[in-house]
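1. Pasting a predicted model and its sequence here:
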Amino acid sequence: MSDFKVGEVVVHCREGVSKIIAEKDISGTIYFVIEPEQSGGDTIFVPKDNSVPLLRRIIDKKEAITIIKEMKEIGIESFNNTKQRRDNFHKRLSSGNPRDLAFLTKQLQLFIENNRNGVVMKLGPSDVNVLESARRMLYREFEIAFNVAPEKVEGLVIKYSK
């Protein structure tokens, strides 16, 4: 993780797209100071040499297309109970992994499509919030990868998932 540079735009596993605004030495440990886009100016300190990678590079266009194409193969995930589903959703969201975000985004899409078609899928409000958060994080990354405005992302997802 130490190969990131001040000024670079990265993805924080829980906060999404963020900018590294500084490095700071606190008691002999070097931290990246990052500002998540959605934070309203708040900052987070991430150890530069953290053994658990909390930051990653933004996916490029080629990887974005691959992820979109893989999404069409994702089906509805069934869970034995609400706690198991909720734990799985939270674990995937907090991983920040773009494929986990794609999985969650697809679950939201299937939930909406099935309910629209009269097939009732039961998800609680907190489940839907997690899925919507994953979609926002993934689509923001697609915006950057494709260098497009937010309103263009859905069209690209449809285009590449055919």
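-> On my side now, so go ahead.

2. Helix or strand: which one has residue 23?
-> Using DSSP states H and E, residue 23 sits within strand 16-26.

3. Against which helices or strands is that strand packed?
-> Using 3 or more C-beta pairs under 8 Å, 6 or more residues apart in numbering; DSSP states H and E as the contact criterion, the neighbours of strand 16-26 among helices and strands are strand 9-12, strand 29-36, strand 44-47, helix 125-146. Quick note: C-beta positions are derived from backbone N, CA and C, even for glycine.

4. Pipe those into TSV and attach mean pLDDT, mean neighbour count and distance to residue 107 per row.
-> Rendered in TSV, the data for the helices and strands packed on strand 16-26 read as follows (pLDDT from 0 to 100; neighbours: other C-beta atoms under 10 Å; distance: least, C-beta to C-beta, whole Å):
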stretch	mean pLDDT	mean neighbour count	distance to residue 107
strand 9-12	94	20	20
strand 29-36	94	18	24
strand 44-47	93	16	27
helix 125-146	94	19	6
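
5. export these to a markdown table and tack on distance to residue 22?
-> As requested, these are exported to a markdown table (distance: least, C-beta to C-beta, whole Å):
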| stretch | distance to residue 22 |
| --- | --- |
| strand 9-12 | 14 |
| strand 29-36 | 4 |
| strand 44-47 | 10 |
| helix 125-146 | 21 |
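
6. So which bits of the strand holding residue 23 are buried?
-> Judged by neighbour count using 16 or more other C-beta atoms under 10 Å, the buried positions of strand 16-26 are 16, 17, 18, 20.

7. what pairs with that strand, and is each one parallel or antiparallel?
-> Paired neighbours of strand 16-26 in the sheet (DSSP bridges): strand 9-12 (antiparallel), strand 29-36 (antiparallel).

8. got a list of contacts for it?
-> Contacts made with strand 16-26 from outside it, assessed by C-beta atoms under 8 Å, 6 or more residues apart in numbering, are listed as 4-12, 30-39, 43-45, 48, 55, 58, 96, 136-137, 140-141, 144.

9. Dump the C-alpha coordinates for it into CSV.
-> Listed next in CSV are the C-alpha coordinates belonging to strand 16-26 (Å, rounded to 0.1, in the frame of the first residue of the first chain):
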residue,chain,number,x,y,z
GLY,A,16,-15.4,4.4,-1.4
VAL,A,17,-13.6,6.9,-3.7
SER,A,18,-11.2,9.0,-1.7
LYS,A,19,-8.3,11.4,-2.3
ILE,A,20,-4.9,11.1,-0.5
ILE,A,21,-4.4,14.6,0.7
ALA,A,22,-1.3,14.2,2.8
GLU,A,23,1.1,11.9,4.7
LYS,A,24,1.5,12.4,8.4
ASP,A,25,4.0,11.0,10.9
ILE,A,26,2.3,10.2,14.2
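
10. Fine by me, thanks again.
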